[in-house]
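Participant: A predicted structure for the sequence below; I have some questions about it.
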Amino acid sequence: QVQLVESGGGLVQAGGSLRLSCAASGRTFNIYAMGWFRRAPGKEREVVAAISRGGGSTYYADSVKGRFTVSRDGDKSTYLQMNSLKPEDTAVYYCAAKPSAYSTSTAAYPYWGQGTQVTVSS
């Protein structure tokens, strides 16, 4: 089992930045690929970014490329640095973990955090 806890969300003006953190506990963290997802009001959960077990491979949704950066700190935490935030980035952000390679599918991830709210004002 893996337990995940996100932090770092909040209210920010458009153009601002936030850094989300996801702290993992339980089974050995570095065997899992990690994903960041978000759910905006009235929309389905969607992938934002993902990072491989070793951190050498990453994925970004087109909507966040060039603005968001995913990273991980070995077996401790994963992070999502969000710059140039837009009102359309407003959502609850979740981190998720899965064995082996990362995936862009929510269904592929068995472990989820509780989510952290990000609100971007215009």
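Facilitator: Received the coordinates, thanks.
Participant: distance from the helix or strand harbouring residue 94 to the middle of the chain?
Facilitator: In the assignment (DSSP states H and E), residue 94 maps to strand 91-99. Distance, stretch centre to chain centre, for strand 91-99: 5 Å (CA atoms, centre = their mean, to the nearest Å).
Participant: strands paired with the next helix or strand after that strand, and their directions?
Facilitator: Next helix or strand after strand 91-99 toward the C-terminus (DSSP H and E): strand 111-112. In the sheet, strand 111-112 lines up against strand 91-99 (antiparallel) (DSSP bridges).
Participant: and the strand it pairs with, what's buried?
Facilitator: 91, 92, 93, 94, 95, 96, 97, 98 (16 or more other CB atoms under 10 Å). Just so you know, the C-beta spots here come from the backbone N, C-alpha and C atoms, and that holds for glycine as well.
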